[in-house]
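Undergrad: Model the structure of this input:
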Amino acid sequence: MGQHERVIYCEKVRDLKMTESDKVASKIIRIYESMPRDERCKNIFWPLVSRKRMSDIFEEEAKAIYSETKDDDKAWNQPRFHDIFVPEIARWGNLMRTKNYLGDFLMESFKELEKNNEFLEGVFSPIENQVYAIMKDRKLENDYFRVIHELSLIQMSRAYLGDSQFQEVSDKILAHIMKECYYGEFYTPSQISKLLASIADPRDNMTVLDPFCGTGGLLLECERYANKYSGGHLSLYGQEINDSTWMYCKLSLILNGFKDSIVANEDSILYPAFVENNSLRQFDRVISVPPFGKQKWGYEIAERDQYARFRYGIPPKNSGDFAFLQHMIACLKNSGKGVMVSPEGILFRSGPEARIRKNMVQSDIIEAIILLPSGLFLNTGIPTIITVINMDKPEERRGSILFVSAEREYEETKRQNILSDENIAKIVDAYRIYKDIEKFCRVVNLEEIRDNDYSLNFSLYVDTESEIETVDITQTLQKIRNLKNEREELLEEIGDIINKFDQDE
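TA: Numbers count the residues shown, from 1 in each chain. Purely as a prediction, here's the structure:
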């Protein structure tokens, strides 16, 4: 693909009518909203929805196999004929028939589901304590019997919800759940994922890593992009430290057809999961939205890091932003590209971060920095940036960095600011074209950055202020006096007209 080829990942404007996926998502969200405000209860909801989808697809496949072969055993009892094999105990009909000890039955059936599908191993472990809590609380148990009954009324087989439709449904449900609980910090809004995927430009057969993958939406968006623009598929890898968020991620990837994706449940800094011959595995694309300003990021291992990740400098104890960025850089192939969102502060903070910034600029691996609007993320309104790392910059981009000032490219909604398709298109076009656009972006050579002591503060490089019209005070005051005189003359004329009418009468 040519460097200046216009590749913009934007969906067409949708019809205002609700789609089938909108209707299904709305129904499921209403069920979620009807549940008690109890974290134990709500954390089990997504696994239950996932299980309903698995069970409906399994039954759909089983009926199709039986219709073709008339072999009952092959249709219902042989895992090799199914994408996801759902053993009898885990089928939704059996769950509906359960009358007592729901917690026991749920966990037993979840474990059987794991046992029959290697890629599900350990996925439901994070909710084990919550499931058992249900059977100790009769009210919670009754609430879940109601939820199971209401979910049974929603058809989730592929005949009713194709894979792309279910991905839309799962996006909406996860977005809603994340707004309601502290997992919001692990969730990347879908329009930001679209923007990052468009910039990363993953292509067929590439390997893609998200080392701080949260609920997995960014990995799914990269796959969607690659399929749309190169007609192929990616090898997806992720790592997530939070147990419950890892469960959300695994289930989302599996339900969207990526059961071969590899997602580790560990700390990427302390225990990087993807290692080959005592070195970090290298990827074509590394793309992520790590936690912002994380304090306990693993400073204690940085000086003796066996993977030599902190070659540009060791970040301060109280902020892991540059630790995350350097980990991502260390995971890139020599031809790889990295795209990461960080707080804007990494552009100008002093101390150790200033030294890291200087070393990274001098290494000439930063291709672009994009200033995003505030208020795009759940639970935080801090200004953020996208840093684009290119380990193999094209010749014409070497010795420079593109600054894109996109802080005004957003639309307001009740809960948060969002990027429209038009906003995304404008930002991606600017990155692809890599030329100056007045009041929006500028290509800055490294000498100018050096002269600014390696600060990357946007105000030094892109002038976004509107021109202020100069005003001649003397002239303006004279205009005001003239208008006052005209007003008085008009009032006199009106008075004369009124007097004339009075005299005529």
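Undergrad: what's near enough to touch Met54?
TA: Taking C-beta atoms under 8 Å, 6 or more residues apart in numbering as the definition of contact, the neighbours of Met54 are 84, 86, 90, 113, 255. For glycine as for every other residue, the C-beta is placed from the backbone atoms N, C-alpha and C.
Undergrad: what's the farthest-apart pair in these?
TA: Of all pairs drawn from the contacts of Met54, the widest gap by C-beta to C-beta lies between Ala90 and Leu255 and measures 14.8 Å.
Undergrad: Neighbour count: those two, which is higher?
TA: The neighbour count for Ala90 versus Leu255, taken as other C-beta atoms under 10 Å, is higher for Ala90 (25 against 22).
Undergrad: how near is the more buried one to Asp163?
TA: Between Ala90 and Asp163 the distance is 21 Å, computed by C-beta to C-beta, to the nearest Å.
Undergrad: and stretch 57-77, how far from the chain's centre?
TA: The chain centre lies 37 Å from the centre of stretch 57-77; the measure is C-alpha atoms, centre = their mean, to the nearest Å.
Undergrad: quick one, domains of this structure?
TA: Structurally, the chain divides into domains by automatic domain parsing as follows: 20-175, 181-437.
Undergrad: would a markdown table of these with distance to Leu446 and mean pLDDT be doable?
TA: Conversion of the domains of the chain to a markdown table gives the following (distance: least, C-beta to C-beta, whole Å; pLDDT from 0 to 100):
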| stretch | distance to Leu446 | mean pLDDT |
| --- | --- | --- |
| domain 20-175 | 40 | 90 |
| domain 181-437 | 5 | 94 |
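Undergrad: Deepest-packed of those, please.
TA: For the domains of the chain, average neighbour numbers computed from mean count of other C-beta atoms under 10 Å are highest in domain 181-437, which has a mean of 19.
Undergrad: Find the nearest non-adjacent residue to Asn278, please.
TA: Excluding its sequence neighbours, the residue lying closest to Asn278 (C-beta to C-beta, 6 or more residues apart in numbering) is Gln306, at 7.3 Å.
Undergrad: Just the strands from the stretch 251-400 of the chain, written as ranges.
TA: With DSSP state E, counting those that start in this stretch as the criterion, the stretch 251-400 of the chain has strands at 262-264, 275-276, 279-280, 283-288, 332-343, 366-371, 384-390, 400-405.
Undergrad: Dump the ones you listed to TSV, plus distance to Cys222.
TA: Output for the strands of the stretch 251-400 of the chain, formatted as TSV (distance: least, C-beta to C-beta, whole Å):
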stretch	distance to Cys222
strand 262-264	14
strand 275-276	22
strand 279-280	20
strand 283-288	7
strand 332-343	10
strand 366-371	18
strand 384-390	15
strand 400-405	21
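Undergrad: nearest to Glu486, of the domains of the chain?
TA: domain 181-437 (40.2 Å).
Undergrad: Could you tell me which of the contacts of Met54 belong to helices?
TA: Among the contacts of Met54, the members falling in helices (DSSP state H) are 113, 255.
Undergrad: Please tabulate the contacts of Met54 in JSON lines and include distance to Glu492 as additional columns.
TA: Output for those, formatted as JSON lines (distance: C-beta to C-beta, whole Å):
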{"residue": "Ile84", "distance to Glu492": "89"}
{"residue": "Val86", "distance to Glu492": "92"}
{"residue": "Ala90", "distance to Glu492": "92"}
{"residue": "Leu113", "distance to Glu492": "92"}
{"residue": "Leu255", "distance to Glu492": "81"}
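Undergrad: and which of the contacts of Met54 is nearest Val263?
TA: Distance to Val263 across those (C-beta to C-beta) is lowest for Leu255, with 13.3 Å.
Undergrad: ok, the closest one to Ser261 distance?
TA: In this structure, Leu255 and Ser261 are 11 Å apart, going by C-beta to C-beta.
Undergrad: swap in Pro373?
TA: From Pro373 across to Ser261, the span is 31 Å (C-beta to C-beta).
Undergrad: Repeat that for Gln191.
TA: According to C-beta to C-beta, Gln191 stands 23 Å off from Ser261.
Undergrad: repeat for Leu347
TA: For Leu347 relative to Ser261 (C-beta to C-beta), the value is 33 Å.
Undergrad: So the residue nearest to Asn278 is in contact with Leu280, correct?
TA: No - contact status for Gln306 versus Leu280: not in contact, 9.8 Å apart, counting by C-beta atoms under 8 Å.
Undergrad: so who does Leu371 touch?
TA: Counting by C-beta under 8 Å, 6+ apart, Leu371 touches 344, 383, 385, 403-407, 458.
Undergrad: Identify the bridge partners of it.
TA: Assessed by DSSP bridges, Leu371 has beta-bridge partners Ile385, Ser405.
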